[in-house]
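K.L.:
Fold the stuff below for me.
(chains A, B, C and D)
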2 protein chains.
Amino acid sequence: MEDERLPQPDSDGIDLVAVLHALGDPVRMRLLASYADGAEHSCDPRHLGLDHLHKSTVSHHMRVLREAGVTSTRVAGRNRFVSLRRADLDARFPGLLDALLASLAPAEPPAAAEPAGEPRTP
Amino acid sequence: MEDERLPQPDSDGIDLVAVLHALGDPVRMRLLASYADGAEHSCDPRHLGLDHLHKSTVSHHMRVLREAGVTSTRVAGRNRFVSLRRADLDARFPGLLDALLASLAPAEPPAAAEPAGEPRTP
DNA sequence: GCAACAGTTTGACGCTCGTCAAACATTAGG
DNA sequence: CCTAATGTTTGACGAGCGTCAAACTGTTGC
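P.N.:
Sure thing, here's the model as predicted:
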C-alpha cells in the first residue's frame, strides 16, 4: 500500500460555501497559489513560503482545504503529497478556479521588458 | 440629500480574500443570490427569504458584504437599497462573479417543463 | 534496534463570528 | 407632536477559528 489518500469529499459532495470559507483565509489562499502549478507538494512550511508558521498550523490549514474538497492528499511513506483537485472543481464550479488563480497572480504578464538594470526581486 | 451611500471600499481596494471570507457563509451567499438580478433590494429579512433571522443579524451580514466591497448601499429616506457592485467586481476579479452565480443556480435552465400543476414558489 | 524524519493530533489560549434582544437613530404619516 | 416604520448599534452569549507547543504515529536509514 503505497498510494493511499486521506479522506476527502467525493466530487459532487463539494460545497461552494465550504470552498469559499476555506479560501477566505490568507494562509490557505497562499497555499492555493502554491498548488496552482498542478504539481504535488510536500507539507513542510519551508517549501511553501510559510516559514513563520508552525508545522501543526500548516497541517491544520491543509486539513481544512482537503475537507472542503479543494485539495487531495496522497500518502507515500512518511511523506504527504498535496495537490489541487482541479478537475473536480472545474466540473462542479466551471470557471471559478480559473478566475481565482487569475485574480491572485496579477504581476507576471509583462515578461521582463526592463533593461535588466536593476532586478527588482532577486 | 437623498442619494447618499454608506461607506465602502473603493474599487481597487477590494481584497480577494476578504470577498471570499464574506461569501463563505450560507446566509451571505443567499443574499448574493438575491442580489444577482442587479436590482436594488431592501434590508427587510422577509423580502429576502430570511424570515428565521433577526433584522439585526441581517443588518450585520449586509455590513460584512458592504465592507468587503461586494455590495453597495444607497440611503434614501428611511430605506436602504442594497445592490451588487458587479462592475467593480468584474473589473477586479474577471469571471469570478459569473462563476459564483452560475454555480449556485444549477436548477433553472430547463425553463419549467412541468405541467404547471403545482407552482413551487408562489 | 534506534535515532532522525515528516506530519498529525490534542490541548490550550485569545480572538473572531453568528445570533439574538434591547436600545437607539432617523424618517414618514396622521 | 406622537406614533409607526426601517434599519443600525451595542452588549451579551456560545461556538468556532488560527496559532503554538508538546506529545504522538508511522517511516526511513544506519
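
K.L.:
My guess is A:Val27 contacts A:Leu50. True?
P.N.:
Yes. Assessed by Cβ atoms under 8 Å, A:Val27 is found in contact with A:Leu50 at 6.9 Å. C-beta coordinates here come from the backbone N, C-alpha and C atoms, glycine included.

K.L.:
Find residues that contact each of the two.
P.N.:
Shared contacts of A:Val27 and A:Leu50, defined by Cβ atoms under 8 Å, 6 or more residues apart in numbering or on different chains, comprise A:Val58.

K.L.:
Which other helices and strands does the helix or strand hosting A:Arg30 contact?
P.N.:
A:Arg30 belongs to helix A:26-35 when assigned by DSSP states H and E. Helices and strands touching helix A:26-35, by 3 or more Cβ pairs under 8 Å, 6 or more residues apart in numbering or on different chains; DSSP states H and E, are helix A:16-23, helix A:55-68, strand A:79-84, helix A:96-104, helix B:16-23.

K.L.:
and the next helix or strand after the third one, which residues are buried?
P.N.:
The one in question is strand A:79-84. Downstream of strand A:79-84, the first helix or strand assigned by DSSP H and E is helix A:86-92. Within helix A:86-92, the residues that count as buried by 16 or more other Cβ atoms under 10 Å in any protein chain shown are A:Arg86, A:Asp88, A:Leu89, A:Arg92.

K.L.:
what residues are up against the closest residue to the third one other than its chain neighbours?
P.N.:
Right, A:Leu89. Computed as Cβ to Cβ, 6 or more residues apart in numbering or on different chains, the closest residue to A:Leu89 that is not its neighbour in sequence is A:Leu97, at 5.0 Å. Applying Cβ under 8 Å, 6+ apart to A:Leu97 gives the contacts A:Leu84, A:Arg86, A:Leu89, A:Asp90.

K.L.:
how close does A:Leu97 get to A:Leu32?
P.N.:
Using Cβ to Cβ, to the nearest Å, we find A:Leu97 at a distance of 9 Å from A:Leu32.

K.L.:
what touches both of these two?
P.N.:
A:Leu84.

K.L.:
Model confidence for A:Leu104, exactly?
P.N.:
Turning to A:Leu104, the model gives it a pLDDT of 83.

K.L.:
For burial, what's the neighbour tally of it?
P.N.:
17 (other Cβ atoms under 10 Å in any protein chain shown).

K.L.:
Let's see the pLDDT reported for the residue positioned nearest the centre of chain A.
P.N.:
Nearest to the geometric centre of chain A sits A:Leu32, at 2.6 Å (Cα atoms, centre = their mean). In this model, A:Leu32 is scored at 97, pLDDT.

K.L.:
if I pick it, what's in contact with it?
P.N.:
Per Cβ under 8 Å, 6+ apart, neighbours of A:Leu32: A:Leu23, A:Leu65, A:Val70, A:Leu84, A:Leu100, A:Leu101, A:Leu104.

K.L.:
Pull out the buried residues from these.
P.N.:
A:Leu23, A:Leu65, A:Val70, A:Leu84, A:Leu100, A:Leu104.

K.L.:
what's the closest of these to A:Asp12?
P.N.:
Nearest to A:Asp12 among the buried ones among the contacts of A:Leu32: A:Val70, at 15.0 Å, using Cβ to Cβ.

K.L.:
Thought A:Leu89 was touching the closest one, still the case?
P.N.:
Yes. Between A:Val70 and A:Leu89 a contact is recorded at 7.1 Å, counting by Cβ under 8 Å.

K.L.:
Need the residues touching each of those two.
P.N.:
Common neighbours of A:Val70 and A:Leu89 (Cβ under 8 Å, 6+ apart) are A:Val19.
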